[in-house]
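Asker: Requesting a structural model of the entry that follows:
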Amino acid sequence: MYTTMIFQGNHTALTTIASGRAGLPQYHDVGRVHSPGINIGRRKPTLAANCDILPGSEDLLPDIVECLNRNQARRQFAPVHAVEKFTTQWRSFRVRDFYVAVRGSRVIGVLGCWDQSSFKQTRVVVYGIPLRYGIRLANALRLLTGVPGYPDREQLVAYFYISFIAVDGDELQTFRALLRRAYNAAVGGPYLYAMVALHERDPLVPALSDYSLTSFSGRLFAVTFADGEKLYRSLDDRVPYVEAATF
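Answerer: Alright, predicted model coming up:
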């Protein structure tokens, strides 16, 4: 069994490879994934959540990994993490790229900010009509509302991923505080967007309404050949987890 996501607007793919036609593997629709770009604009007020928000550190790493594993065990398709992965496997991700929610001496939530621009980029090749001829006006209007302007042609789109999300009990205010800390840290820097992915049933989705968003979404599928159907049928109703940075 495999997982894949097809962008919501890709009607050709949704009506061909995901249609169950003869000879193709079976695509099982497991719901919509919200994957917007959070527009990096003006700084926002800090949010309190009855915890301290700290930067990641080597000393905290074992507790970070334990928090990830105990919480992501409640999510379908989530990976199992190990301390070694954060020192050797995840390219360009550093332990200090975590934000860590600590209550007392316990890590109760984590969130990572992963800049992959050293090995993966998105570049604007051309704009369609009418934006091609109205980009200056569009950018002027966007800047007035605190929304990032569109890059010029041939420029890279500067963004990072909100990754490695885990919060004890899916406590919304803790996630909101972590996300706000990551957002404010990005204000004034080179980034236009923070990319995130949350399944439509994820209880953390309401936190996205705190921000101006460039909307984007996709359909998540569990893909099986004949020998994977039994495994798919054995899945329970846990909320699927999608790691935007590795999808």
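Asker: The host helix or strand of G112 packs against which elements?
Answerer: Mapping G112 onto the secondary structure by DSSP states H and E places it in strand 106-114. Judged by 3 or more CB pairs under 8 Å, 6 or more residues apart in numbering; DSSP states H and E, strand 106-114 is in contact with helix 61-72, strand 98-103, strand 159-167, helix 172-186. To be clear about C-beta, it is placed using only N, CA and C from the backbone, and glycine gets the same treatment.
Asker: Dump those into a markdown table; add mean pLDDT and distance to G228 as well.
Answerer: Shown next, in a markdown table, are those (pLDDT from 0 to 100; distance: least, CB to CB, whole Å):
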| stretch | mean pLDDT | distance to G228 |
| --- | --- | --- |
| helix 61-72 | 98 | 22 |
| strand 98-103 | 98 | 34 |
| strand 159-167 | 98 | 27 |
| helix 172-186 | 98 | 33 |
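Asker: Nearest to G146 among those would be which one?
Answerer: Nearest of those to G146, taken as CB to CB: helix 172-186 at 12.3 Å.
Asker: Distance from the chain centre to the helix or strand following that closest one, please.
Answerer: The first helix or strand that comes after helix 172-186 along the chain, using DSSP H and E, is strand 193-195. Mean C-alpha position of strand 193-195 versus that of the full chain (CA atoms, centre = their mean, to the nearest Å) differs by 8 Å.
Asker: How about stretch 45-52?
Answerer: The mean C-alpha position of stretch 45-52 is separated from the chain mean by 21 Å, CA atoms, centre = their mean.
Asker: got a list of contacts for that stretch?
Answerer: Contacts to stretch 45-52, defined as CB atoms under 8 Å, 6 or more residues apart in numbering, come from residues 101-103, 108-109, 171, 173-174, 176-177, 180-181, 184.
Asker: how long is that stretch end to end?
Answerer: 16 Å (CA to CA, to the nearest Å).
Asker: Point to the residue nearest the middle of the chain.
Answerer: Note on the chain: the residue nearest the mean C-alpha position is V196, at 2.3 Å, using CA atoms, centre = their mean.
Asker: Does V223 touch P25 like I think?
Answerer: Yes: the pair V223 / P25 is scored as a contact, 5.2 Å apart, by CB atoms under 8 Å.
Asker: Which parts of the protein are strands?
Answerer: 2-7, 26-34, 37-39, 52-55, 75-76, 98-103, 106-114, 159-167, 193-195, 198-199, 213-214, 217-224, 239-240 (DSSP state E).
Asker: In CSV: the ones you listed, plus mean neighbour count and distance to T87.
Answerer: As requested, those are exported to CSV (neighbours: other CB atoms under 10 Å; distance: least, CB to CB, whole Å):
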stretch, mean neighbour count, distance to T87
strand 2-7, 16, 26
strand 26-34, 18, 29
strand 37-39, 21, 28
strand 52-55, 14, 16
strand 75-76, 18, 24
strand 98-103, 22, 13
strand 106-114, 23, 14
strand 159-167, 24, 14
strand 193-195, 21, 24
strand 198-199, 24, 27
strand 213-214, 15, 33
strand 217-224, 19, 30
strand 239-240, 20, 28
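Asker: I'd like the ones you listed written out as a markdown table, with distance to G146 added.
Answerer: A markdown table is the format used below for these (distance: least, CB to CB, whole Å):
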| stretch | distance to G146 |
| --- | --- |
| strand 2-7 | 26 |
| strand 26-34 | 21 |
| strand 37-39 | 8 |
| strand 52-55 | 23 |
| strand 75-76 | 33 |
| strand 98-103 | 23 |
| strand 106-114 | 20 |
| strand 159-167 | 17 |
| strand 193-195 | 13 |
| strand 198-199 | 23 |
| strand 213-214 | 12 |
| strand 217-224 | 23 |
| strand 239-240 | 31 |
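Asker: And those: which comes nearest A138?
Answerer: Here strand 213-214 is closest among the strands of the chain (CB to CB), at 12.9 Å.
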